[in-house]
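Asker: What would the 3D arrangement of this be:
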Amino acid sequence: MEYSKDHKLIEDVTVTYYHCKHCSFVTTQEGDLSKHVLIHRKPLRTYDCSVCSYTAKKKGHLIAHMLIHKDASEITTYDCSLCSYKAKHKNNLIRHLLIHRDASEITTYDCSFCSYKAKCKSHLKSHMLIHKDASEVTTYDCSSCSYKTKQKHCLTRHMLIHKDISEVTTYQCTLCSYKAKHKGRIKSHMLIHKDVSEIKTYDCSFCSYKAKRKDRLGSHLLIHKEASEVTTFDCSFCSYKAKRKDHLKSHLLTHEEVSEITTFNCSFCSYKAKQKNNLIRHMLIHKDASEITTYDCSFCSYKANRKDRLRLHMLIHKDASNVATYDCSFCSYKAKWKHHLTRHMLVHKDASEVTTYDCSFCPYKAKWKNLLTRHMLIHKDASEVTTYDCSFCSYKAKQKSNLNKHMRIHKDASDVTIYQ
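Answerer: Below is the predicted model:
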């Protein structure tokens, strides 16, 4: 350290340089190097227009481009019922509808450390990272290069660049050359091969809104309810409220010390999950294709790794007239499963009529006894909780049925015991 003539302090600063292994490129920013090395990779996949010579690097760009080849009459638009606004994408209409609401009606997600407010929960989640020390922020590191990310799905997507094309699982459309890496995307794509009359929609009984998925209609119906009618799940530690129980469950993790959060650990690698279902899904990557039990559809090439998913899929092969439904006697609601109708019937009851099961240690309430039983475990010491232990690995379960499900991964063992 030294002083210059005009007495300004000059410090020795260490600068890290990142060198490209393939050429003479040098940068002081690691992110710039990551972007640069992409030019040395095999040509990236492109999405080509089947009508003209247009080529896109992103599928979303091709979809937007295809609209120029349609007549105005063929383009589906989402129309605002309060003004003349029209959108080509449903998300844009949802965002637009906010301008017709009073500020008091718009749900905001407020930061508990500063004045930041967000309209989307995911935006608040990203913002909260600025209030954490670097040591507290969980990062997901690539085992093949120096890539790091704060979000698991970004790492999953990144890992594809380290695979040969032959190793990447793709889902092929049976009617055209379209391929997708995710099953959900192929399902969405298949809709373009159907006539409008063939696509099943869930219609709102209060306005002209239509949805292709029942859960989206459920979310939409909330805009037709008074604030007092909407059931909320309230956090007992802060002012947070959620419209869905699973959202509250995720939020509650922010009030726990890292040491207190239960994780489900993979016995084959360093993977950890906060939810058991995620671990079960992860365990499939450690199995050979021949070991995985699949449930095959007898009418088409569909395969499922769970029997209930196959049962749900089989409904698409039935005529609407053959599908048994459970009908609500108060409104037009219909369900394919009896327990769904039972749950729905609660919306027709006054709060005073609904039986709740109350926790004697905290303000938690449940509409179902088994949910209260499961909740009570959080008030017990680990030594008091009965666990069912796997005799082949370190897996433990609090419920016998969960252990039985887990035992399937050891199904080749001749002496697997199923607990009755």
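Asker: can you give me the strands for the stretch 251-400 of the chain?
Answerer: 264-265, 272-273, 295-296, 303-304, 326-327, 334-335, 357-358, 365-366, 388-389, 396-397 (DSSP state E, counting those that start in this stretch).
Asker: Parallel or antiparallel, list what pairs with the third one.
Answerer: It refers to strand 295-296. Partners of strand 295-296 in the sheet, by DSSP bridges, are strand 303-304 (antiparallel).
Asker: before we move on, the earlier item: got the strands of the stretch 251-400 of the chain as CSV, with mean pLDDT, distance to Ile99 and mean neighbour count columns?
Answerer: C-betas here are computed from N, CA, C, even on glycine. CSV is the format used below for the strands of the stretch 251-400 of the chain (pLDDT from 0 to 100; distance: least, CB to CB, whole Å; neighbours: other CB atoms under 10 Å):
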stretch, mean pLDDT, distance to Ile99, mean neighbour count
strand 264-265, 80, 44, 15
strand 272-273, 80, 40, 16
strand 295-296, 83, 47, 14
strand 303-304, 80, 43, 15
strand 326-327, 83, 38, 13
strand 334-335, 80, 35, 14
strand 357-358, 84, 41, 14
strand 365-366, 79, 36, 16
strand 388-389, 82, 54, 14
strand 396-397, 78, 50, 16
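Asker: Among the ones you listed, which comes closest to His247?
Answerer: strand 365-366 (16.5 Å; CB to CB).
Asker: re earlier: let me have the strands of the stretch 251-400 of the chain in CSV, extended by distance to Lys200.
Answerer: Converted to CSV, the strands of the stretch 251-400 of the chain look like this (distance: least, CB to CB, whole Å):
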stretch, distance to Lys200
strand 264-265, 36
strand 272-273, 34
strand 295-296, 23
strand 303-304, 20
strand 326-327, 17
strand 334-335, 12
strand 357-358, 36
strand 365-366, 33
strand 388-389, 41
strand 396-397, 38
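Asker: Quick check: which of those strands is nearest to Lys245?
Answerer: strand 365-366 (9.6 Å).
Asker: which neighbours does that closest one have in its sheet, and in what orientation?
Answerer: strand 357-358 (antiparallel).
Asker: List of residues touching the partner strand?
Answerer: Here strand 357-358 makes contact (CB atoms under 8 Å, 6 or more residues apart in numbering) with Tyr364, Lys365, Ala366, Lys367, Trp368, Lys369, Leu371, Leu372.
Asker: any idea which residue sits dead centre in the protein?
Answerer: The chain has His153 as the residue nearest its centroid, 9.3 Å off, counting by CA atoms, centre = their mean.
Asker: tell me which element it falls in.
Answerer: Per DSSP states H and E: His153 is located in helix 152-159.
Asker: counting contacts, what elements does that helix pack onto?
Answerer: Judged by 3 or more CB pairs under 8 Å, 6 or more residues apart in numbering; DSSP states H and E, helix 152-159 is in contact with strand 140-141.
Asker: how far does the strand it packs on sit from the chain's center?
Answerer: Offset of strand 140-141 from its chain centre (CA atoms, centre = their mean, to the nearest Å): 19 Å.
Asker: got a list of contacts for it?
Answerer: Taking CB under 8 Å, 6+ apart as the rule, strand 140-141 contacts Tyr147, Lys148, Thr149, Lys150, Gln151, Lys152, Cys154, Leu155.
Asker: Let's see the PyMOL selection covering just the buried ones among those residues.
Answerer: Only the buried entries of the contacts of strand 140-141 go into this PyMOL selection, using 16 or more other CB atoms under 10 Å:
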select buried, resi 147+155
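Asker: can you put the contacts of strand 140-141 in a markdown table and add distance to Ala242?
Answerer: Shown next, in a markdown table, are these (distance: CB to CB, whole Å):
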| residue | distance to Ala242 |
| --- | --- |
| Tyr147 | 33 |
| Lys148 | 30 |
| Thr149 | 26 |
| Lys150 | 22 |
| Gln151 | 21 |
| Lys152 | 21 |
| Cys154 | 25 |
| Leu155 | 27 |
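Asker: before we move on, back to that, list of residues touching the helix holding His153?
Answerer: Applying CB under 8 Å, 6+ apart, the external contacts of helix 152-159 come out as Tyr140, Asp141, Cys142, Ser144, Tyr147, Thr149.
Asker: The fifth one - nearest residue in space that isn't next to it in sequence?
Answerer: Residue nearest to Tyr147 in three dimensions, not counting chain neighbours: His158, with 5.5 Å by CB to CB, 6 or more residues apart in numbering.
Asker: which secondary element of the chain has the worst mean pLDDT?
Answerer: strand 9-10 (a mean of 44; mean pLDDT, DSSP states H and E).
Asker: ends of stretch 363-381, how far apart?
Answerer: 19 Å (CA to CA, to the nearest Å).
Asker: now swap in stretch 349-360 and tell me
Answerer: End to end - CA to CA - stretch 349-360 spans 25 Å.
Asker: ok, now stretch 344-353?
Answerer: Using CA to CA, the two ends of stretch 344-353 sit 14 Å apart.
Asker: looking at the strands of the stretch 251-400 of the chain, which is closest to Tyr54?
Answerer: With CB to CB as the measure, strand 303-304 is the member of the strands of the stretch 251-400 of the chain nearest Tyr54 (35.3 Å).
Asker: Relative to the whole chain's centre, how far out is the closest one?
Answerer: For strand 303-304, the distance to the chain centre is 20 Å (CA atoms, centre = their mean).
Asker: which other residues reach it?
Answerer: Strand 303-304 is contacted from outside by Thr294, Tyr295, Asp296, Cys297, Leu310, His313, using CB under 8 Å, 6+ apart.
Asker: re the thing from before, what strands flank the helix or strand that the helix holding His153 is followed by, and is each parallel or antiparallel?
Answerer: With elements assigned by DSSP H and E, the helix or strand that comes after helix 152-159 is strand 171-172. Paired strands of strand 171-172, with direction, are strand 179-180 (antiparallel) (DSSP bridges).
Asker: tell me the average confidence for the partner strand?
Answerer: Rounded to a whole number, the mean pLDDT of strand 179-180 is 79.
Asker: Need the contact partners of it.
Answerer: Identification of contacts with strand 179-180 by CB under 8 Å, 6+ apart yields Thr170, Tyr171, Gln172, Cys173, Ile186, His189.
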